[in-house]
Each structure stands twice: as C-alpha cells, then as structure tokens.
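Asks: Got a sequence here, can you model it:
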Amino acid sequence: MHGRSRCMRCDHTLSALDLVPLVSYLVLRGRCRYCGTHISAQYPLVEAAAALLGAGVFVLNPTPLMFALWFLAWMTLLFVVVYDLRHFIIPWSCSGLLAILGLIHVWILGFDIWSLSAGLLLAAPLLLLSLVSRGTWMGWGDGALQLGLGWLLGFTAGLTGLVLAFWSGAAVGIVILLLKKGYTMSSELPFAPFLILGAGVAYFFHVDIFKTLPALF
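Replies: Residues are numbered from 1 along each chain as shown. I've put the predicted structure just below:
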C-alpha cells in the first residue's frame with residue numbers, strides 16, 4: 001500500500017497543492033496535474049458535503065465535546081453513504097464506531113433506560129426483516145447502523161428518521177423502477193443512504209413527526 005495519495009491512473013504522488021479540498025479540483029479543472037486524467041466529481045462533492053455537515057454540526061453544538069462527538073458521527077455517516085453506494089455494504093467498523101458514539105451521547109445526556117432502549121427498539125424492525133429474509137430484504141448492516149442512530153437521535157427523532165428513510169427509499173425505488181431498463185423489484189438498492197438522509201433531516205432541521213403530531217390534535 002502507498003503511504004501518500006497518488007493518481008489512480010498514472011500513480012504519480014500528489015503534492016499538498018493537489019489535495020486542497022474543492023480548490024484543487026476547480027484549479028485543475030477536474031483533471032490530474034500530471035497525466036490529465038479526469039478526476040471523478042465524487043471527490044469535490046464529498047468534500048463539499050463534509051464542509052456543510054461540519055458547519056451544521058458547529059452551529060448546533062457550540063461546546064467542544066458535543067461538536068467533536070457529532071462531527072465524528074457525521075463524518076462516519078458520510079463515509080458510509082459513499083461506501084454503500086459503491087460497494088452495497090456497510091463496514092462493521094463504521095456501525096461499531098457509531099454505536100460507541102451513540103452510547104457516549106446517551107451517557108452524556110444522563111443514561112436513562114428510555115434513551116438506552118431507543119437504539120434497540122429502532123434497530124429491531126430492520127434486524128427482524130434481515131432475519132426473516134436471511135438478509136435479502138434488508139442487509140444486516142442497516143440494522144446495526146440504525147442502532148447507533150437511535151442512540152444518537154433518541155426515540156422519536158430516530159423513528160422520524162426511520163420513517164423518512166422508508167418513504168424516500170420507496171419513492172426513489174419507484175422512480176428507478178419506471179425509468180431504468182432492467183431494474184426490477186428484486187434489484188438491490190442501498191438503504192443506508194436513506195437511513196442517513198432521514199437522520200439528517202431529523203437532526204439538522206429538527207423534524208420530529210412523533211412530537212409534532214400530538215400537538216396538532
């Protein structure tokens with residue numbers, strides 16, 4: 001393995017000037033400085049997403065401890081989105097780290113039984129789907145990921161994120177089914193990005209359906 005970042009085409013070692021987030025991509029017009037190979041737009045998109053997530057976390061968590069915890073959580077979730085879209089799998093190391101961060105969050109807030117059970121209750125339906133279908137309807141990694149999300153968000157916000165994940169996943173699946181030739185109901189669609197999208201809406205925009213609905217009646 002190479003210790004320094006290199007161009008995947010010409011294998012040339014990249015300098016610090018080649019690795020400035022967003023700026024390098026724009027200055028080099030999306031191409032390698034040394035061989036001219038086109039650089040995937042994935043890199044600046046991920047860099048921009050990381051910057052936006054970091055800014056959002058800072059606004060919501062001015063204290064150093066909570067900022068560090070949530071920043072690490074969202075950087076992990078961003079990595080999971082990219083990895084799941086490319087490889088259709090969620091690394092167990094990421095789910096484990098998120099679970100640890102979730103338990104730390106529960107401990108910081110007081111470590112009551114209700115907060116501790118939130119992750120287990122929200123992960124249970126996904127793990128049950130995985131068990132019943134032997135991993136064909138829902139991957140085991142999705143339930144493990146939801147465990148950490150439940151501990152981080154709490155029960156009602158976590159449930160909101162889970163509902164939004166199913167709604168958005170179903171909507172995107174229907175659109176792909178209608179537009180993409182060869183795509184069928186049995187085709188694989190990564191679910192982690194939708195879980196993370198739902199969690200992001202609940203966290204950054206303070207959307208909590210199950211706290212808002214009772215107040216309307």
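Asks: Could you chop this protein up by domain?
Replies: The record's domain parsing of the chain by automatic domain parsing lists 1-39, 74-216.
Asks: Quick check: residue 165 touching residue 198?
Replies: Yes - at 3.8 Å, residue 165 and residue 198 qualify as touching, with contact defined as Cβ atoms under 8 Å. All C-beta atoms are positioned from the backbone trio N, CA, C, and that covers glycine.
Asks: what's the most buried one of the domains of the chain?
Replies: Highest mean neighbour count among those (mean count of other Cβ atoms under 10 Å): domain 74-216, with a mean of 17.
Asks: returning to that earlier point: residue 54 is nearest to which of the domains of the chain?
Replies: Checking these against residue 54 by Cβ to Cβ gives domain 74-216 as the closest, at 7.7 Å.
Asks: Off-centre distance for the closest one?
Replies: Taking Cα atoms, centre = their mean, to the nearest Å, one finds domain 74-216 lying 8 Å from the centre of the chain it belongs to.
Asks: Which residue ranges of this structure form helices?
Replies: Along the chain, counting by DSSP state H, helices occupy 23-27, 42-60, 64-87, 92-109, 113-133, 140-153, 155-179, 192-204, 209-216.
Asks: Reformat these as TSV; add distance to residue 9.
Replies: Output for the helices of the chain, formatted as TSV (distance: least, Cβ to Cβ, whole Å):
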stretch	distance to residue 9
helix 23-27	16
helix 42-60	14
helix 64-87	18
helix 92-109	28
helix 113-133	39
helix 140-153	31
helix 155-179	30
helix 192-204	28
helix 209-216	47
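Asks: so where's the chain uncertain?
Replies: Applying pLDDT under 70 to the chain flags residues 1-3, 213-217.
Asks: And the residue nearest the centre of it?
Replies: The chain has residue 77 as the residue nearest its centroid, 3.2 Å off, counting by Cα atoms, centre = their mean.
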